[in-house]
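Novice: please work out how this folds:
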Amino acid sequence: MDEPTRDHGPQPLDCLLDRWQITNHELVEISTEQLNHKQVQKARKGRQLTLHLMQKLTRAVNEAVVAKLAKDQQPAFKPYLHKHLFNYAKGHDAAWVDPNEDLIPK
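Specialist: Numbers count the residues shown, from 1 in each chain. Okay, here's the model as predicted:
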């Protein structure tokens with residue numbers, strides 16, 4: 001019997017952080033939940049994470065994005081959910097379109 005893979009390849013999280021120009025270090029710094037660099041790196045590379053850790057990373061991403069936005073842009077920001085950041089999360093939709101596209105720095 002085949003064992004399910006625990007490595008899911010680069011995640012939507014990785015691309016999203018690149019597009020928002022958020023570094024692993026910024027994510028660790030902004031998190032109030034003891035997130036560490038190793039966890040962020042595993043998440044970006046696609047190593048399977050627990051739901052709890054996916055949610056912790058999602059909260060940190062949302063905080064980091066809001067911190068990058070100008071005050072007048074913050075109300076328009078639609079928070080990301082873990083299913084948007086991880087392609088193996090329950091409810092992930094590969095056809096999902098980022099509603100914050102217009103807010104992302106070019």
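
Novice: every contact and neighbour count from this point should use C-alpha atoms.
Specialist: OK.

Novice: relative to residue 55, how far out is residue 6?
Specialist: The gap separating residue 6 from residue 55 is 18 Å, by Cα to Cα, to the nearest Å.

Novice: cool, residue 68 as well?
Specialist: Look at residue 68 and residue 55: by Cα to Cα, they are 20 Å apart.

Novice: so what's residue 84 closest to, chain neighbours aside?
Specialist: residue 92 (6.2 Å; Cα to Cα, 6 or more residues apart in numbering).

Novice: residues contacting that neighbour?
Specialist: Contacts for residue 92 (Cα atoms under 8 Å, 6 or more residues apart in numbering) come out as 83-84, 86.

Novice: now a ChimeraX select for only the buried ones of those.
Specialist: Buried members of the contacts of residue 92, defined by 16 or more other Cα atoms under 10 Å, are picked up in ChimeraX with:
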select :83,84,86
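
Novice: ok, the contacts of residue 92 vs residue 48, which is closest?
Specialist: Checking the contacts of residue 92 against residue 48 with Cα to Cα, the nearest one is residue 86 at 9.1 Å.

Novice: okay, now residue 71: neighbour count?
Specialist: Residues near residue 71, counting by other Cα atoms under 10 Å, number 9.

Novice: that should have said residue 85, apologies.
Specialist: With neighbours defined by other Cα under 10 Å, the count for residue 85 comes to 24.

Novice: distance check, it against residue 101.
Specialist: 15 Å.

Novice: low-confidence bits of the chain, can you list those?
Specialist: 1-4 (pLDDT under 70).

Novice: which residue is nearest the middle of it?
Specialist: Nearest residue to the geometric centre of the chain (Cα atoms, centre = their mean): residue 13, 3.9 Å.

Novice: can you give me the helices in this protein?
Specialist: With helices called from DSSP state H, the chain shows them at 12-20, 24-30, 37-45, 51-68, 82-85.

Novice: from the ones you listed, which stretch is densest packed?
Specialist: Mean neighbour count (mean count of other Cα atoms under 10 Å) peaks for helix 82-85 among these, with a mean of 23.

Novice: related to what we said a few turns ago, ok, the residue nearest to the centre of the chain - contacts?
Specialist: 43-44, 84-86.

Novice: understood, closing this out.
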